[in-house]
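Colleague: I would like the atomic coordinates for the input below:
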Amino acid sequence: MSSSTPEFIPETTQDDPVQFATLDLQGRSHQISPVFNALELQRLQRYGTRRRFADGATLFEAGSSSFGMLVILSGRVSITRHEVLGQASQLREVGVGHFIAEVAQLSGRPTLVNGSAVGEVELLDISSESLRALIVAEAEMGERIVRALILRRVALIESNSGGPVLVGPRGNGNLFHLQSFLSSNGHPHTVLDPASDAAAAALAQRYQPTPQEWPLVVCPDGKVMKNPGNAELGRCLGMLPDLSGDKIFDVLVVGAGPAGLATAVYAASEGLSVLALEQRAYGGQAGASARIENYLGFPTGISGRALAGRAYVQAQKFGVEIATPASAASLLCDTWPLRVTLCDGTQVRARTVVLSCGARYRRPSLANLKTYEGRGVYYWASPIEAKLCRQEEIILVGGGNSAGQAAVFLSGHAAKVHMVIRGAGLAASMSSYLIERIAATPNITLHTHTEIIALEGDDDGLTGARWRNKQTGEECDCAVRRVFLFVGADPNTDWLHDCAVAVDEQGFIRTGFDVTRAACRAHGHGHAEYRAALPDRAALETSVPGVFAIGDVRAGSTKRVAAAVGEGAAVVSQIHGFLARLPVNNV
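Modeller: The predicted model follows:
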């Protein structure tokens, strides 16, 4: 079964219209299916085109039809969804005043459900672009529409339907990676084991996958793939659009973590065209945080997935194009406009580029580490991993805030959490409130001056790990099936060499005065004439004009979510300044 959770969904209350909570969908049918009255239907006319359909006509099909929103003006529409491998069941039948759409329609992605006319039907067909304009211009109706879109996505997630079907044996590492990818992106899906499900067994018998070809993936349009990569799956679901066109974006954001999403939201809301590239899942590393308790305005805390989820919907609301997974391979700045080449060879062009590409997880030097990734070794602590380690002993390596949040979260599921750190304590790298919580959690044991030196396993995955105390030399074998690694990250800047973006000794990107200072040092400390000859540079601008850096990848940045969001917002005014100085023929 899918392990996606509806954390990012806003629950409307009288006091706070965007308070997040666990949802009772059965009690919120009026919000899932709001009905427009006659006056509202009249106001909606200017946003769409009227269309008529005969009884029984197919209006749209899952996985292939794209639209913004369909409003029923007369007749009724039957909404069905794909269940298990080709079977379909009716979700509901809706009539006059109801509208048909969900989150995917904000960005023109294929619908996840099917629709057919019951009797003669007249619809108001509103495009994705017009839907976004409607949501912004009609505030009250827009709030009701967005809430309904999100709740409908949650309903599909909780019912494990409406998206791709993943078929594979339990414990398969490739299956886990795809499931994690979809869950991190809030995409509904179903997971079936051919050993226990007859339909899945029949599919496996038909396609005869080899051990390397698991899992089989059935896309919403019925296409079957063998062990697809994230990019192939993203194209199947419309998450990775065709970027091969000639469009020049005002802003190209590389990385959709908190900093990148903030830039996308603020830039798009101010009328700039924005494309955001994300190599795995929106939210970045912050999306893996089980609970952020020091983010301003959330006294009870908020999960990284919840914060990223609402920012992601907000970006779509303002028309940001988001491509996932889209990995940047090189930045080319020798010609105008700036160009980013993706790993598949596609080039996208933009007047400005914002680097919010964060960092890559560090991997300890363990001989067989890659063998057990997804089969006992994990770099995230989401509800998927939490279910895997229920009532088990686990090891968690790391002493930063992310590690602390993960340890506390997993302690609510695992029988015991062995927290392994190389230092003498947590005070140097972790917030005090987390240290206190860890100390107060009875099933978390802290092992200081300790590091993992070996992993052991079998065909089913990890079976144990060995650690060593660096002070005493004592080694210990621990029979665990789950090891979580939160050992820090390195800046994701290797791909910038073609553009010669200036970085510091650790690889973090220099910006603003830091670029000027480094250049002065390179040509003689205090060289006033050289310094005066350097061009003026905005605080978040790199050594390359029009290229900016924000968030964790920027040298000297405060490695906190709030700081990243602040930089993401601040850079937009600097982008406007840069664009205003461009020659007319380059704008």
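Colleague: Residue 222 looks like it's in a strand, true?
Modeller: No. With DSSP: H, G, I helix; E, B strand; the rest coil as the criterion, residue 222 is coil rather than part of a strand.
Colleague: and the gap between it and residue 188?
Modeller: Residue 222 sits 17 Å away from residue 188 when distances are taken as CB to CB, to the nearest Å. Glycine gets a C-beta too; all of them are placed from N, C-alpha and C.
Colleague: and the two? which has more neighbours close in?
Modeller: Neighbour tally, residue 222 and residue 188, criterion other CB atoms under 10 Å: the higher count belongs to residue 188, 24 against 13.
Colleague: Next, the contact list for the more buried one, please.
Modeller: Residues near residue 188 by CB atoms under 8 Å, 6 or more residues apart in numbering: 2, 4, 112, 153, 156, 157, 159, 160, 161, 162, 163, 182.
Colleague: Residue 426 in helix, strand or coil?
Modeller: Using three-state DSSP, the structure places residue 426 in coil.
Colleague: Next up, phi/psi of it, please.
Modeller: The phi/psi pair for residue 426 (degrees, to the nearest 10) reads phi -100, psi -10.
Colleague: Next: residue 48.
Modeller: Torsion angles, degrees, to the nearest 10, at residue 48: phi -140, psi -170.
Colleague: and it, what pLDDT?
Modeller: Looking at residue 48, its pLDDT reads 97.
Colleague: if we can go back for a sec, closest one of the contacts of residue 188 to residue 360?
Modeller: Closest approach to residue 360 among the contacts of residue 188 (CB to CB): residue 182, at 21.4 Å.
Colleague: what about the closest one, which helix or strand?
Modeller: Assigned by DSSP states H and E, residue 182 falls within helix 173-184.
Colleague: Walk me through which strands whichever helix or strand comes after that helix pairs with, and which way each runs.
Modeller: Next helix or strand after helix 173-184 toward the C-terminus (DSSP H and E): strand 190-192. Using DSSP bridges, strand 190-192 pairs in its sheet with strand 165-167 (parallel).
Colleague: quick one: contacts of the strand it pairs with?
Modeller: Applying CB under 8 Å, 6+ apart, the external contacts of strand 165-167 come out as 82, 84-85, 175, 178-179, 182, 189-194, 200, 203-204, 215-218.
Colleague: Three-state assignment for the closest residue to residue 451 other than its chain neighbours, please.
Modeller: Excluding its sequence neighbours, the residue lying closest to residue 451 (CB to CB, 6 or more residues apart in numbering) is residue 422, at 5.4 Å. Three-state assignment for residue 422 (three-state DSSP): coil.
Colleague: so what's residue 422 up against?
Modeller: When contacts are counted by CB under 8 Å, 6+ apart, residue 422 is found next to 399, 449, 450, 451, 470.
Colleague: any idea how far it lies from residue 399?
Modeller: Residue 422 sits 8 Å away from residue 399, going by CB to CB.
Colleague: do residue 156 as well
Modeller: In terms of CB to CB, residue 156 sits 39 Å off from residue 399.
Colleague: Those two: which is more packed in?
Modeller: In terms of neighbours (other CB under 10 Å), residue 399 is the more surrounded of residue 156 and residue 399; the figures are 26 against 23.
Colleague: so that one sits right up against residue 427, yeah?
Modeller: No. Judged on CB atoms under 8 Å, residue 399 makes no contact with residue 427 at a distance of 9.4 Å.
Colleague: Wait, residue 352 touches residue 578, no?
Modeller: Yes. The pair residue 352 / residue 578 is scored as a contact, 6.1 Å apart, by CB under 8 Å.
Colleague: Show me which of the two is the more surrounded one.
Modeller: Between residue 352 and residue 578, counted using other CB under 10 Å, the more crowded position is residue 352 (26 against 18).
Colleague: Is the more buried one in a helix, a strand, or coil?
Modeller: Taking three-state DSSP, the label given to residue 352 is strand.
Colleague: For residue 355, give me phi and psi.
Modeller: Main-chain dihedrals, residue 355, degrees, to the nearest 10: phi -90, psi 110.
Colleague: Bridged to it, which residues?
Modeller: Under DSSP bridges, the beta-bridge partners of residue 355 are residue 254, residue 549.
Colleague: Assess the claim that it and residue 544 are in contact.
Modeller: No. Using CB under 8 Å, residue 355 makes no contact with residue 544, being 9.9 Å away.
Colleague: higher neighbour count, those two?
Modeller: Counted by other CB under 10 Å, residue 355 and residue 544 do not tie: residue 355 has more neighbours, with 31 against 19.
Colleague: Show the contacting residues for that one.
Modeller: 254, 255, 496, 501, 509, 542, 547, 548, 549, 550, 553, 554.
Colleague: what does residue 576 give?
Modeller: Neighbour list for residue 576: residue 270 [criterion: CB under 8 Å, 6+ apart].
Colleague: all helices in the stretch 251-400 of the chain, in order from the N-terminus.
Modeller: Under the criterion DSSP state H, counting those that start in this stretch, the stretch 251-400 of the chain contains helices at 258-269, 304-317, 369-372, 383-388.
Colleague: returning to what we had before: roughly how far apart are the residue nearest to residue 451 and residue 449?
Modeller: Using CB to CB, residue 422 is found at 7 Å from residue 449.
Colleague: who touches both of the two?
Modeller: Shared contacts of residue 422 and residue 449, counting by CB under 8 Å, 6+ apart, come down to residue 470.
Colleague: pLDDT weak spots in this protein?
Modeller: Applying pLDDT under 70 to the chain picks out residues 1-26, 83-87, 522-535, 584-587.
Colleague: Kindly recompute the last result at 80.
Modeller: Low-confidence segments of the chain (pLDDT under 80): 1-27, 81-91, 159-162, 288, 290, 361, 488-489, 518-536, 584-587.
Colleague: how about stretch 502-514: buried residues?
Modeller: Buried residues in stretch 502-514, counted by 16 or more other CB atoms under 10 Å: 502, 503, 508, 509, 510, 511, 512, 514.
Colleague: next one: stretch 193-207
Modeller: By 16+ other CB under 10 Å, the buried positions in stretch 193-207 come out as 193, 194, 197, 199, 200, 203, 204.
Colleague: In helices only, show me those residues.
Modeller: Among these, the ones falling in helices (DSSP state H) are 199, 200, 203, 204.
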